[in-house]
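Student: Pasting the sequence and the predicted coordinates here, then a few questions.
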Amino acid sequence: MTLPADMSPYVIVLVTFLGELFLYKVFSPLVMRKFQSYRVAKPGTQQRLHLYPASILVTVVENALSLYILLFRSDVSPHRYEPNSIVRKLGGIWLGRILAELVLSLQQQVFGMDLLIHHLVSLITGSQAVFVGLLPWHMNLGIMMELSNPFQSIRVALLELGQKTSQAYLINGVCFVVVFFLCRIATIPLYWYYTLPMVLSGKMFEFDWLSIVTALGTHTVFEIMSIYWFGKMVRSVLKLVHMHGAKKSHK
């Protein structure tokens with residue numbers, strides 16, 4: 001496995017990693033101080049809340065680039081397998097963010113087992129995109145599954161701030177479910193429409209082992225976890241909508 005000559009994605013990994021740590025320490029406290037619930041929260045809760053503005057900002061940049069690649073870059077297609085510079089740079093943002101969030105989340109002890117598995121598997125995807133770069137369309141579609149992440153971060157922040165019954169929490173929850181479906185569930189048939197013929201023809205097994213593991217293994221893990229999470233989210237949103245409807249009927 002020969003590393004691509006372009007070194008800029010490696011620099012982007014480092015810059016994103018350090019940048020998110022900086023945002024966590026400086027930007028997030030400035031944002032969260034605007035909320036009364038944050039100002040009266042315990043120090044431990046405040047530290048956990050610092051995770052979310054930093055993550056949202058970096059993820060929005062990552063998502064915008066991923067969407068741009070999917071919609072406007074004709075050089076990134078399911079039929080072109082060679083490394084692509086812009087996808088490798090996107091992988092650098094992804095890998096730097098995942099590393100930063102692993103460090104911060106383990107420090108704050110806010111990980112469940114499912115999220116820990118997700119982030120560890122994400123390290124494989126990010127490493128493939130940065131250090132190998134083959135199958136760029138497939139890698140970009142995998143990274144684009146994170147389009148729903150800002151809504152997830154807002155959801156958890158609102159929960160920490162005691163806003164579970166607020167209108168903002170309900171609206172964000174509905175947006176979260178819709179975007180999650182579009183980027184994580186609806187893309188599953190699209191991914192396999194282009195990937196399965198490569199597997200059946202044997203073309204997939206001409207690539208290096210890391211690309212094969214990422215395209216077939218880690219992506220499948222993401223899909224299974226996405227289907228599991230989506231089922232939980234639908235049940236939660238339906239329960240929340242029913243609760244708000246019951247409140248209005250009693251007024």
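Tutor: Everything's here; your move.

Student: show me where pLDDT drops low in the stretch 151-251 of the chain?
Tutor: Low-confidence segments of the stretch 151-251 of the chain, defined by pLDDT under 70: 240, 244-251.

Student: can you give me the helices in the stretch 101-250 of the chain?
Tutor: Applying DSSP state H, counting those that start in this stretch to the stretch 101-250 of the chain gives helices spanning 113-131, 136-144, 149-160, 167-180, 187-201, 209-212, 219-249.

Student: Check which residues of stretch 207-219 are buried.
Tutor: Counting neighbours by 16 or more other Cβ atoms under 10 Å, one finds that the buried residues in stretch 207-219 are 207, 210, 211, 212, 214, 215, 218, 219. Placement of C-beta: from N, CA and C, glycine included.

Student: which residues does the spatially closest residue to the first one that is not a sequence neighbour contact?
Tutor: Using Cβ to Cβ, 6 or more residues apart in numbering and skipping the chain neighbours, the partner closest in space to residue 207 is residue 134 (5.5 Å). With contact set as Cβ atoms under 8 Å, 6 or more residues apart in numbering, residue 134 has these partners: 81, 82, 83, 128, 207, 208, 211.

Student: Of those, which is the nearest to residue 94?
Tutor: Closest approach to residue 94 among those (Cβ to Cβ): residue 128, at 10.4 Å.

Student: Show the contacting residues for the closest one.
Tutor: 91, 134, 139, 210, 211, 213, 214.

Student: do that again at 7 Å, thanks
Tutor: Residue 128 is in contact with 139, 210, 211, 214, counting by Cβ atoms under 7 Å, 6 or more residues apart in numbering.

Student: and the gap between residue 153 and residue 56?
Tutor: Using Cβ to Cβ, to the nearest Å, residue 153 is found at 5 Å from residue 56.

Student: ok, now residue 17?
Tutor: Computed as Cβ to Cβ, the residue 17 to residue 56 distance reads 17 Å.

Student: count of neighbours near residue 193?
Tutor: Residues near residue 193, counting by other Cβ atoms under 10 Å, number 10.

Student: And residue 224, by the same measure?
Tutor: For residue 224, using other Cβ under 10 Å, the count is 10.

Student: Taking the centroid of this structure, which residue is nearest it?
Tutor: residue 146 (3.0 Å; Cα atoms, centre = their mean).

Student: gap between it and residue 60?
Tutor: Distance from residue 146 to residue 60, counting by Cβ to Cβ: 10 Å.
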